[in-house]
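*Asks:* For reference, the sequence and a predicted model appear below.
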Amino acid sequence: MTFKKQHFYKKTVLLITLIAIIFSFFGCQREESAEELYTSGEKYFKAQDFYNSIETLNKVEENKLKKEKEANRYYMIGYSYWQLKRFDTAVEPLEKADKLEPNNEEYMITLARVYNINDNIDKAEEYYSKVTKVNNKNEKAYENLGSIYIKKNQPKKAIAYLKKAVDIYPEYANAYGNMAIAYDMLNDKEMTNYYLKKAKSLGYNNLPAIRDIKNKE
């Protein structure tokens with residue numbers, strides 16, 4: 001074999017080897033399946049790494065998971081946006097989660113909270129009410145309904161729901177605090193002071209509300 005042929009042969013072998021290595025490398029770089037992306041996104045979510053949770057879970061194509069996991073995927077995305085204070089963006093995925101699993105208490109109460117933050121009071125009221133139908137022992141739903149009726153200037157209705165909250169959880173400071181606000185709206189000083197004192201004894205520290213009540217005395 002001449003020198004030129006030897007040189008050409010070596011170059012050819014080297015080129016073929018290089019091509020084989022490249023194909024082998026890229027062949028290993030397969031796309032992650034929907035299940036793998038879901039599992040990774042869920043791990044980020046549980047670790048409260050909400051940026052990576054959103055990024056990973058958004059890579060999952062629609063309808064590639066079973067219904068329960070698809071609903072939870074949307075819930076984790078919406079919840080993550082909420083935790084990152086992207087409240088408007090949180091609504092759509094939470095609504096999709098609720099549509100896929102309409103009686104999921106956790107999905108509904110999270111959606112109600114986000115509606116409330118976005119000042120969509122009517123939708124918040126609707127969803128907190130739904131929660132109480134699924135679980136009539138959910139004190140947070142009753143307390144939030146009480147808070148909503150205070151915003152709607154319906155103190156008597158607020159008190160009725162707040163009493164349900166404290167019947168379930170007798171040490172619910174915020175519920176007692178809101179009862180003080182509701183009675184203050186009714187100009188009932190005795191009940192206002194009673195519930196404010198009760199709330200403060202349990203750690204209630206809504207300073208603007210306390211100051212507002214005190215200024216009316």
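*Replies:* Thanks, I have it.

*Asks:* Which pLDDT value belongs to Ile210?
*Replies:* If you check Ile210, the pLDDT there is 74.

*Asks:* I meant Ala173, not that one.
*Replies:* pLDDT, read off for Ala173, is 96.

*Asks:* okay, which residue is most central for this structure?
*Replies:* Tyr79 (2.7 Å; C-alpha atoms, centre = their mean).

*Asks:* these two touch, right, it and Val91?
*Replies:* No. Under the criterion of C-beta atoms under 8 Å, Tyr79 is not in contact with Val91, lying 11.7 Å apart. The way it works is simple: take the backbone N, C-alpha and C, and place the C-beta from them, glycine included.

*Asks:* for this structure, which spans come out with low pLDDT?
*Replies:* Residue ranges of the chain with pLDDT under 70: 1-31, 214-217.

*Asks:* Tell me which stretches of the protein form helices.
*Replies:* Under the criterion DSSP state H, helices of the chain are mapped to 3-28, 34-46, 50-57, 67-83, 87-100, 105-117, 121-134, 139-151, 155-168, 173-185, 189-201, 207-216.

*Asks:* sorry, back to before: can you pull the contacts of the residue nearest to the centre of the chain?
*Replies:* 45, 90, 94, 110 (C-beta atoms under 8 Å, 6 or more residues apart in numbering).

*Asks:* Distance of it relative to Lys66?
*Replies:* Distance of Tyr79 to Lys66, given as C-beta to C-beta, to the nearest Å: 20 Å.

*Asks:* swap in Ile168?
*Replies:* Taken as C-beta to C-beta, the span from Ile168 to Lys66 is 34 Å.

*Asks:* who's more crowded, those two?
*Replies:* Between Ile168 and Lys66, Ile168 has the larger neighbour count (other C-beta atoms under 10 Å), namely 17 against 12.

*Asks:* doesn't Asn135 make contact with the more buried one?
*Replies:* No. Using C-beta under 8 Å, Ile168 is not in contact with Asn135, being 10.3 Å away.

*Asks:* Out of the contacts of Tyr79, which is nearest to Glu55?
*Replies:* Closest approach between those and Glu55, by C-beta to C-beta: Phe45, at 11.5 Å.

*Asks:* what number of residues lie near the closest one?
*Replies:* 23.
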